[in-house]
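J.: What would the 3D arrangement of this be:
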Amino acid sequence: MGHSHAHNHAHPELKGRNLFISILLNILITVAQVIGGLLSGSLSLLSDALHNFSDVISLIVSYIANKLSRRKASLQRTFGYKRAEVLAAFVNAVSLIVIAILLIIEAIKRFQEPQEIESEVVIWLSILGILANGFSVLLLKKDAKSNMNMKSAYLHLLTDMLASVAVLVGGLLMKFYQLFWVDSVLTFAIAVYLVYVGYDLLKVSTKVLMLFTPDHIDVQKVVNAVNTLDQVKKLHHVHIWNLSDNELHLEAHLDLEADVTTTQFNRILEKIEQLLHEQFNINHITIQPEFNKKDPKDVIVQD
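T.: Here you go, the predicted structure:
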């Protein structure tokens, strides 16, 4: 059986320090908004505080996962903790959706019975939320492009910033036009957006945890490409999955045209590795060579 992961798959150095700064900022925002929400009677401010508190939890989860993912593999944990960040993304997505549903229920109740709200407190605390979350978003933006865990943290903070903008608009409308029902409407809108963002992240992280073939990979094209190589009869029993954001694995059986030596198979394997890495960015390959073996030769076989 041939196995390789020698091709370049450099892991970007993720900035845990930026996550830690974001955690501290969100703790500050949460405490301030809880106090302000209770004093002003604003549900949207309290919902924003609840959202920020969920972000504190999710950012801590992301921070721990980021640290765990760097730990080396061992005899008991042969993959190390590389999936910790995917699991963190999944947990964060679920928390977003649950919180959003609770906010929707509360917003509907409050809309039926609008209450007078101290808008000055709402305005100043929403500005604080915009500034702090905006800074956190800038800190994590770069890493969010290449890492699912960082993306989940980034999305939490981005939605926080947008929610604070909405709360600011609501505070201004309440201050100058006494439209107190706007507080409930904004809460509802924020919650619906949270469901939308959370569902997309939940879907992506679930696919990775379930070892589904990545959306950008066409298994049949992979098989066809390998089958064009010399001495290859058919690639079958194929599994392709993401272990983490940076590791794309292929495991398969390879039916050969001839009963080759180990040295000859190594040359064939090198060509397969190069082809799959260059065309499909697959960087971990495990191949089981076969010749005249009586077993199913279907591309996908339930093992």
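J.: distance of residue 75 from residue 68?
T.: 17 Å (CB to CB, to the nearest Å). In short, each C-beta sits where N, CA and C put it, glycine included.
J.: For the two, work out which one has more neighbours and name it.
T.: Neighbours were counted for residue 75 and for residue 68 using other CB atoms under 10 Å; residue 68 has more, 16 against 5.
J.: tell me what the helix or strand hosting residue 127 is packed against?
T.: Secondary structure assignment for residue 127, by DSSP states H and E: helix 119-144. With contacts taken as 3 or more CB pairs under 8 Å, 6 or more residues apart in numbering; DSSP states H and E, helix 119-144 sits against helix 16-40, helix 43-68, helix 148-177.
J.: Burial check on residue 54, number of neighbours?
T.: Neighbours of residue 54 under the rule other CB under 10 Å: 21.
J.: pretty sure it is in contact with residue 157, am I right?
T.: No: assessed by CB atoms under 8 Å, residue 54 is found out of contact with residue 157, at 11.2 Å.
J.: Now the common contact residues for the two.
T.: With contacts taken as CB atoms under 8 Å, 6 or more residues apart in numbering, residue 54 and residue 157 have no neighbour in common.
J.: Give me the local confidence score for residue 282.
T.: What the model reports for residue 282 is a pLDDT of 96.
J.: how about it, secondary structure?
T.: Per DSSP: H, G, I helix; E, B strand; the rest coil, the local secondary structure of residue 282 is coil.
J.: Report all helices and strands that the particular helix or strand that has residue 269 in it contacts.
T.: Per DSSP H and E, residue 269 falls inside helix 262-280. If you count contacts as 3+ CB pairs under 8 Å, 6+ apart, helix 262-280 packs onto strand 2-4, helix 219-227, strand 247-256, strand 284-290.
J.: in the second one, what's buried?
T.: Think helix 219-227. 219, 222-223, 225-226 (16 or more other CB atoms under 10 Å).
J.: Closest one to residue 281 out of the residues you listed, please.
T.: Of all these, residue 281 sits closest to residue 222, with 11.1 Å by CB to CB.
J.: tally of neighbours for the spatially closest residue to the closest one that is not a sequence neighbour?
T.: Closest residue in space to residue 222, ignoring its immediate chain neighbours: residue 280 at 5.9 Å, by CB to CB, 6 or more residues apart in numbering. By the criterion of other CB under 10 Å, residue 280 has 18 neighbours.
J.: correct me, but residue 280 touches residue 213?
T.: No: with contacts counted by CB under 8 Å, residue 280 stays clear of residue 213, the gap being 11.2 Å.
J.: what's residue 292 in contact with, if anything?
T.: residue 259.
J.: how much space between it and residue 63?
T.: Counting by CB to CB, the gap from residue 292 to residue 63 is 53 Å.
J.: again with residue 57
T.: Distance from residue 57 to residue 63, by CB to CB: 11 Å.
J.: Where does the prediction get shaky in this protein?
T.: For the chain, the stretches with pLDDT under 70 are 1-15, 303.
J.: Tell me the gap between the longest strand along it and the middle of its chain.
T.: The single longest strand within the chain, with elements called by DSSP state E, is strand 232-244. With CA atoms, centre = their mean, to the nearest Å as the basis, strand 232-244 stands 24 Å off its chain's centre.
J.: So which residues make contact with it?
T.: Contacts for strand 232-244 (CB under 8 Å, 6+ apart): 69, 79, 82-83, 85-86, 148, 208, 211-214, 217, 219, 222-223, 226-227, 248-257, 268, 272, 282, 284, 288, 296-301, 303.
J.: Buried ones only from those, please, as a PyMOL command.
T.: In PyMOL syntax, the buried subset of those is picked out as below (16+ other CB under 10 Å):
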select buried, resi 69+82+83+85+86+148+208+213+217+219+222+223+226+248+249+250+251+252+253+254+255+256+268+272+282+284+299
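J.: Appreciated, that's everything.
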